[in-house]
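Engineer: I need the structure of the sequence given here:
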Amino acid sequence: MFKEATVFAPVVTNDQGRVSVIFSADHPGYRDEEYQKHRARIADAALGYRLGEPVPEISYTPAEDEIWRAVSAELLSKHRQHACRQYLIGRNLLPFPSDRLPQLGEVSAAVRRLTGFTFSPAAGLVEQEDFYGSLADRRFQATQYIRHSSFPRFSPEPDMIHEVVGHGTHLANQRLADLYQLVGETVRRLETREAISLISRVFWFTFEYGLVLEDGVTKACGASLLSSCGELEKYHQADIRPLDIVAMASQKYLIQQFQPVLFRADSFSHFEDFLCGFLTTLQDDSPLVAA
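Structural biologist: Residues are numbered from 1 along each chain as shown. Below you'll find the predicted structure:
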């Protein structure tokens, strides 16, 4: 979960080492003390993780398993209608349990066998350079909590549904996994915060919210779209524009509601070529970085 993506529920550690998650007043879990404690335990487990260790297992509640059952079943149905072909390829390669929340470690092991990518747990906010840079090592830093039960069809935070159904499926597809790695390699060779912020913005409008034209029909490709039941029903109503780095660089985006502006590739090959061209030619002193 990269830092620019959400400031909705930051993780803090007090002087005594106690971990807590701070919820804003408009967060669905703001008045749910048990949910807050549970989130803090999950964050604490992630903070104690060290690379090379097994991903910590989380004791999910029956209510959380029920959220997963309901939302994953609805998403699977909507994917048949709205998801692009490359996403569906990854989805077929990476089956999920239908009756319970998967553990991040088991998803990581399955993805690693397919493309060499792994998941490591993130407690909360991750700095952009760290988050994107780790993709160069074919490692994706992911949260392990799930959205609050009062708001199951959309989450302003990257939760397990987003991480697994969205990015996990991407990373099970070799073509998409290679693009993620290229993002990481580009961030590793750049030095300025401005250049990395530009990559973050383009990532948002492609890997998270990108669209692809297939047989004259607009299909969802982005992980955020494909992990949101609500937004999959509404993305056709957005202002859909052609892929354009300049436009993405200046376009404001929203975190806590559906995106009003989306960008569409003419095909998945166009999606690949667009990102490869941008990432391989971007320099710290590129005009767009200074704009």
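Engineer: right, and Ile58 touches Ile42 too?
Structural biologist: Yes: if you go by C-beta atoms under 8 Å, Ile58 and Ile42 touch, sitting 5.7 Å apart. All C-beta spots, glycine's among them, are computed from the backbone N, C-alpha and C.
Engineer: who has more neighbours, the two?
Structural biologist: Ile42 (25 against 21; other C-beta atoms under 10 Å).
Engineer: and the nearest residue to Leu135 once chain neighbours are set aside, how far is that from Leu176?
Structural biologist: Spatial nearest neighbour of Leu135, excluding adjacent residues (C-beta to C-beta, 6 or more residues apart in numbering): Gly184 at 3.0 Å. In this structure, Gly184 and Leu176 are 13 Å apart, going by C-beta to C-beta, to the nearest Å.
Engineer: neighbour count: these two, which is higher?
Structural biologist: Neighbours per residue, other C-beta under 10 Å: of Gly184 and Leu176, the larger number sits with Leu176, 25 against 21.
Engineer: next, show the common contact partners of Ile58 and Ile42.
Structural biologist: Common contacts of Ile58 and Ile42, defined by C-beta atoms under 8 Å, 6 or more residues apart in numbering, comprise 144-145.
Engineer: just list the residues touching Leu282, thanks.
Structural biologist: 186, 190, 195, 198-199, 288-289.
Engineer: distance check, it against Val164.
Structural biologist: Leu282 is 30 Å from Val164, by C-beta to C-beta.
Engineer: now name the helix or strand holding Val212.
Structural biologist: Here Val212 sits within strand 211-214, counting by DSSP states H and E.
Engineer: need the residues that contact that strand.
Structural biologist: For strand 211-214, contacts defined as C-beta under 8 Å, 6+ apart pick out 84-86, 218-222, 225, 235, 240, 262-268, 270-271.
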